[in-house]
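> any chance you could fold what I've pasted below:
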Amino acid sequence: MSRRADREEPMWELTEDIRRASSPSERHDGRRHSSSASSSSQSTGNGGEARGSAGRRSRPSVSSATAALATVREQREHRTLSWKTAVAAEDRPSDPRLDSEETVLSSKNVLTNFEKVASRDPETERRRREQVARYGAENRSQQDVYRRLKRWADKKSRPAKDVLLGLLSEKYQQPPLPEHEELVKLAKHYYPPRGELKVHVCDFGDGRAEHTEITLGDVEEYWQQKPEWVDVRWIHAPLGIGLAHSSIEDIFLHDGEKGREFEKAGRSGWPYLETEVLNFRSQDNFQEMRDVYLLLNELEGFEERLEEHIWDGDNNSSFHSDVNWRSGHLGIKANYWNMAASDMPWQLSEGIAMGGFGGPTEGLQPIGRHIEKQTLSSHPFFAKSQIVRNPFRTFHRGDGFLMTLSPMVGANFLDKNLSKHLAEPIDLMFENDTASAVGHVYKAFAERGTSTWHRKTTEWFLIYLLSEVGCTPHVLRQGFNAPPIESAYSVVIQDLKRRRFEPWVRNETVKLVREYLNCVDELTTIRLILQKKVELFQTLLLDVKKFEADDLKYGTPPDNPAGETAEDRINFALKMVKAQHDCFERLLIDVKGSMNALFQLRSIEQNELAIVSDSQNRAILVFTGVTIIFLPLSFFTSYYGMNLTGIINTNHSEKYFWKVCGSVAFLIVLFVSLGAYRHRLKRMMVVRKIKSGGSMV
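You can find the predicted model right below:
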């Protein structure tokens, strides 16, 4: 019995760790998260328990203390029951609590709930597998077109020698450009027309929730009205900052009642919440998106082929006309690429961390084909991933509607299956609640709807959503089965420190310094983003306290007094983001100190090399002096020792000797000098050409 008890001790410690890592609130009923997803419509609640119960086993939730604590208690009681049945009767401990009827009944409930939650809906799983298979086949076809386009672009700028070699070998010949029809499909695959973008509509009511997948071309009718049982309708569209984004938000806000203003957390005259989110994308997919955008955007005559597809799938009544008016007002042409460029994720180096996003003209544009080499990628777990930045903007109305706009389609939650998540279709990421924060928020209330909400309002749900999305990326969702990015950066920095003491190799120091600078830039950007989030949650806390004071003043009681308050959610998110910010600040101080130590170490090495070089220079000076003295002597002795007239069959004089040897020597010196100073001569010619052109103007 003692050996069994010893084996159980680590598990008891683990449950305590999970309890401490959970949300601060412990006042709610337990909640389980459904992971079933529907590509068209999904309903859960009292009337649809069979469908709503499908999903994977619940995990300790960062966002909900209820889910974490309930799961921990049930697991503890389940282990107690299993342990009791496995131990012989004479070895059982005489603890009356373990033999109580309450423990047995609770354990039976755990087993029942586990069977209910762990089971998956076969129809949903089959439909998802079919979608993944279709995407895989289409993606392979488009990747073949992409590779042919890339080869054509790479060979287009080939040097002159390859042009000559192309006449002799097919290896160096210019490959053909893919057909225009193939290029149109390629552009629509990576950058769909705005009307064909998939939009998620999530309805939440008392004990009930529904998820419907539509397209952006039909979105206007879904924010006009909602069913009577719906308390909050949440519409999420994968749109980045641009013309389409600006039109959608403006039409949405114009068609409904104005919500409560976040005066502190919002901007002056713009009382809506927005933040910047980090997520992980596949390096290959990210590279393909940049190549397709830049290569097709620069292809002559191709833009006209895409113009006829700009409004494919658009059935909205106001969207088209509003975009046309807005493009004229802003002076931005409403062409295909200006509409689709907002889908491009931002690299960490593309601009500083933004506290508030502006209008459609402030979206970042890709600056080059090749993606940056991040130091985080040197960690084995993140070798094939790229951390990117995306805006996350929210717009709420007073009639129960919430609109969120963000091209964030990467992985927010980190676990051991990160590479598998990154390989999944972007359109299906919302349904993967183990990787997507927005998908997880719907699953959190898929079974009970608004019955557990402290207040059944758009503002409460908006704060819940921001507290989930604003804390990502993290590893808490799956119980620390993957390295956090803080730990990964710490490992990378330790490797950089180790390389400081390697023997000096030519050009290696330059490479090492570049990696240090990249690491400093990445940590600085992430720290600034986290700092903006800390400021957002601090000011948001002031707004929430004002809301509660106003509700108390006007006698508006909460719908569920035992539910988690908005203030609890913000305090939890603020504590978590502060911890992340402090960690990255320490990492930044560490890597800067390490880089300074590298500079000092290399300076000392350079001084040592200078001392060695000085002794060598002295030896060379002696040989140089000897050469200066004896070289002219040897020349004159050789010259005066020649007797041309004494050579048989020679009628040439010394004058002929100087003509030949002097001309050859002059040509040799001339060509050597031109080769040595060719770069300087080119710069001088360019400067002279620019000056002459300026004077003509």
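
> from here on, contacts and neighbour counts on C-alpha atoms
Noted.

> mind listing the helices for the stretch 301-450 of the chain?
303-307, 319-330, 336-340, 418-422, 437-444 (DSSP state H, counting those that start in this stretch).

> check which helices and strands the fourth one sits against.
Pointing back at helix 418-422 there. In terms of contacts (3 or more C-alpha pairs under 8 Å, 6 or more residues apart in numbering; DSSP states H and E), helix 418-422 is packed against strand 274-282.

> got the CA positions of the following helix or strand past the strand it packs on in PDB?
Counting by DSSP states H and E, the next helix or strand C-terminal to strand 274-282 is helix 283-297. Output of helix 283-297 as PDB, limited to C-alpha atoms (Å, rounded to 0.1, in the frame of the first residue of the first chain):
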ATOM      1  CA  GLN A 283       6.700  29.100 -42.800                       C
ATOM      2  CA  ASP A 284       6.000  27.500 -46.100                       C
ATOM      3  CA  ASN A 285       2.500  28.900 -46.400                       C
ATOM      4  CA  PHE A 286       3.700  32.400 -45.300                       C
ATOM      5  CA  GLN A 287       6.400  32.300 -48.000                       C
ATOM      6  CA  GLU A 288       4.000  31.200 -50.600                       C
ATOM      7  CA  MET A 289       1.500  34.000 -49.800                       C
ATOM      8  CA  ARG A 290       4.200  36.700 -50.100                       C
ATOM      9  CA  ASP A 291       5.500  35.200 -53.400                       C
ATOM     10  CA  VAL A 292       2.100  35.000 -54.900                       C
ATOM     11  CA  TYR A 293       1.200  38.500 -53.900                       C
ATOM     12  CA  LEU A 294       4.400  40.200 -55.100                       C
ATOM     13  CA  LEU A 295       4.900  38.100 -58.300                       C
ATOM     14  CA  LEU A 296       1.300  38.400 -59.600                       C
ATOM     15  CA  ASN A 297       1.000  42.000 -58.500                       C
END
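
> give the buried residues for helix 283-297.
283, 285-286, 288-293, 296-297 (16 or more other C-alpha atoms under 10 Å).

> what of stretch 424-437?
Quick answer for stretch 424-437 (16+ other C-alpha under 10 Å): 424-425, 427-437.

> re the thing from before, tell me which of the buried residues of helix 283-297 is nearest to Leu376?
Gln283 (12.2 Å; C-alpha to C-alpha).

> that closest one contacts Gln386, doesn't it?
Yes. Under the criterion of C-alpha atoms under 8 Å, Gln283 makes contact with Gln386 at 5.4 Å.

> now Tyr135: how far from Leu422?
As judged by C-alpha to C-alpha, to the nearest Å, Tyr135 and Leu422 stand 13 Å apart.

> cool, and Thr637?
Thr637 is 80 Å from Leu422, by C-alpha to C-alpha.

> likewise Leu428?
11 Å.

> same check, this time on His189
Taking C-alpha to C-alpha as the measure, His189 and Leu422 are separated by 17 Å.

> more neighbours: which of these two?
The residue with more neighbours, out of His189 and Leu422, is Leu422; 22 against 14, by other C-alpha atoms under 10 Å.

> and the pLDDT for the more buried one?
As predicted, Leu422 sits at a pLDDT of 91.

> tell me the pLDDT at Glu298?
Reported pLDDT for Glu298: 86.

> just want the phi and psi numbers for it.
Torsion angles at Glu298 (phi, psi; degrees, to the nearest 10) stand at phi -90, psi 0.

> look at it and say how many residues are nearby.
By other C-alpha under 10 Å, the residues close to Glu298 number 11.

> kindly report the same for His245.
His245, neighbours per other C-alpha under 10 Å, totals 22.

> okay, and it sits in which element?
With DSSP H and E as the criterion, the answer for His245 is helix 243-254.

> what about that helix, average pLDDT?
The model assigns helix 243-254 a mean pLDDT of 94.

> what is the orientation angle of it with helix 319-330?
110 degrees (axes from the mean of the first three to the mean of the last three C-alpha atoms, to 10 degrees).

> list the buried ones in helix 243-254?
Buried residues in helix 243-254 (16+ other C-alpha under 10 Å): 243-249, 252-253.

> nearest to Gln580, out of the residues you listed: which one, please.
Relative to Gln580, the closest of the buried residues of helix 243-254 is His245; by C-alpha to C-alpha it sits at 30.3 Å.

> in stretch 407-417, what counts as buried?
407-415.

> kindly report the same for stretch 548-566.
Applying 16+ other C-alpha under 10 Å to stretch 548-566 flags 548, 558, 560, 563-566 as buried.

> which parts of the protein are strands?
Secondary structure of the chain (DSSP state E): strands located at 41-45, 198-205, 208-215, 230-237, 274-282, 385-396, 401-405.

> for Met684, find the nearest of those.
strand 385-396 (42.4 Å).

> what helices or strands is the closest one leaning on?
Using 3+ C-alpha pairs under 8 Å, 6+ apart: strand 385-396 touches helix 243-254, strand 274-282, helix 283-297, strand 401-405, helix 458-469.

> let's see 7 Å
If contacts are counted by 3 or more C-alpha pairs under 7 Å, 6 or more residues apart in numbering; DSSP states H and E, strand 385-396 sits against strand 274-282, strand 401-405.

> orientation of that strand relative to strand 401-405 in degrees?
150 degrees.

> only alpha carbons, please: show strand 385-396 as PDB.
The C-alpha trace of strand 385-396 is given here as PDB (Å, rounded to 0.1, in the frame of the first residue of the first chain):
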ATOM      1  CA  SER A 385       6.700  28.000 -37.800                       C
ATOM      2  CA  GLN A 386       6.700  31.800 -38.100                       C
ATOM      3  CA  ILE A 387       5.400  34.100 -35.400                       C
ATOM      4  CA  VAL A 388       3.400  36.900 -37.000                       C
ATOM      5  CA  ARG A 389       1.300  39.900 -36.000                       C
ATOM      6  CA  ASN A 390      -2.300  40.700 -36.700                       C
ATOM      7  CA  PRO A 391      -4.800  43.300 -35.600                       C
ATOM      8  CA  PHE A 392      -7.800  42.200 -33.700                       C
ATOM      9  CA  ARG A 393     -10.600  44.800 -33.800                       C
ATOM     10  CA  THR A 394     -14.000  44.600 -32.100                       C
ATOM     11  CA  PHE A 395     -17.200  46.600 -32.700                       C
ATOM     12  CA  HIS A 396     -20.200  46.200 -30.400                       C
END
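
> next, the angle from it to helix 458-469.
Angle of strand 385-396 versus helix 458-469, following the same axes, to 10 degrees, is 170 degrees.

> mind listing what's buried along strand 385-396?
For strand 385-396, by 16+ other C-alpha under 10 Å, it's 385-396.

> for that strand, which outside residues touch it?
240, 259, 272-283, 345-348, 377, 402-408, 458 (C-alpha atoms under 7 Å, 6 or more residues apart in numbering).

> what do you get for stretch 137-150?
Contacts for stretch 137-150 (C-alpha under 7 Å, 6+ apart): 177-178, 182, 186.

> can you list the weak-confidence ranges in the chain?
Counting by pLDDT under 70, the ranges of the chain that qualify are 1-121, 157-172, 351-358, 363-367, 636, 639-650, 652, 654, 691-697.

> could you list the domains of it?
Each domain of the chain is listed here as a residue range: 2-30+57-119, 123-182, 183-478, 652-697, per automatic domain parsing.

> so for Leu574, which of those sits nearest?
For those, proximity to Leu574 was assessed by C-alpha to C-alpha; domain 183-478 is nearest, at 8.3 Å.

> can you get me the start-to-end distance on that closest one?
End-to-end distance for domain 183-478, by C-alpha to C-alpha: 40 Å.

> same check, this time on stretch 255-265
End residues of stretch 255-265 are separated by 24 Å (C-alpha to C-alpha).
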